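> below is the sequence, then the predicted model.
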Amino acid sequence: MRRAATSFEVNVFGPARLAQLVLPHMRAQGAGTIVNVSSIGGKIYGPLGSWYHATKFALEGMSDALRIEVAPFGVRVVLIEPGAIRTEWNTIARDHLMQVSGSGAYARLAASVRDVLAEADDAGTGSDPSVVADAVAKAVSSPRPKARYAVGASARQAVVGRRLLPDSAMDRVISRSFKATPKDVL
């Protein structure tokens, strides 16, 4: 449970506190842009990522509500939703996944998820981190930024798929992507 608390501290409570600290100044000047970096994981989900996805969904909801709350003061709130980006995140996630779920009831599923993540790294399918920096620069320099920017490998496709597919179909697509079978999740 400690890992979950740390995830919320970093991914939700940290951005919330920063917003609290900058908002008095932004309200006073009648302008400003808060940029929260979420993840495509705040729109879609994968097996054995419950806490991570919970934090990213929470950041998305917080940012959406905050955008409405601060708009009357001339303050904008933007979400950056990266897809696959070539960073060390994937390796760290795989290592942690195997530490936590590599044995026991979810061992086969954990190995499958690890393998899918490793294949993505080996194929080099992630985007360069500069796409995130470019999206942030675009958001803060635009006189009318979008509420969210889905950037990086497969981010836009994931958002469209999530919007179009019912939950049962999305569950099947994700389960097949990670080779999850009913035996894996019993």
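That came through fine. Numbering: from 1, shown residues only.
> could you use CA atoms for every contact and neighbour count after this?
Will do.
> and the strands in this protein?
For the chain, strands defined by DSSP state E occupy the ranges 32-37, 75-82, 148-151.
> parallel or antiparallel, which strands does the first one pair with?
The one in question is strand 32-37. Note on strand 32-37: by DSSP bridges, its sheet partners are strand 75-82 (parallel).
> what's the mean pLDDT across the strand it pairs with?
For strand 75-82, mean pLDDT is 98.
> in the chain, which helix has the most residues?
If you go by DSSP state H, the chain has its longest helix at helix 50-70.
> rebuild the strands of the chain as JSON lines, extending it with distance to residue 168 and mean neighbour count.
Shown next, in JSON lines, are the strands of the chain (distance: least, C-alpha to C-alpha, whole Å; neighbours: other C-alpha atoms under 10 Å):
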{"stretch": "strand 32-37", "distance to residue 168": "28", "mean neighbour count": "20"}
{"stretch": "strand 75-82", "distance to residue 168": "24", "mean neighbour count": "24"}
{"stretch": "strand 148-151", "distance to residue 168": "23", "mean neighbour count": "22"}
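> phi, psi of the residue most central in space within the chain?
Note on the chain: the residue nearest the mean C-alpha position is residue 39, at 2.0 Å, using C-alpha atoms, centre = their mean. Main-chain torsions, residue 39, degrees, to the nearest 10: phi -170, psi 160.
> was I right to think it contacts residue 54?
No - using C-alpha atoms under 8 Å, residue 39 is not in contact with residue 54; the gap is 11.2 Å.
> could you list the low-pLDDT ranges of the protein?
1, 180-186 (pLDDT under 70).
> one more time with 50
184-186 (pLDDT under 50).
> may I see the buried residues of the longest helix of the chain?
For helix 50-70, the neighbour count (16 or more other C-alpha atoms under 10 Å) marks 52-60, 63-64, 66-67, 70 as buried.
> just flag the most distant two among the residues you listed.
52 and 70 (26.7 Å; C-alpha to C-alpha).
> show me what contacts the residue nearest to the centre of the chain?
Residues near residue 39 by C-alpha atoms under 8 Å, 6 or more residues apart in numbering: 56, 80, 81, 82, 83.
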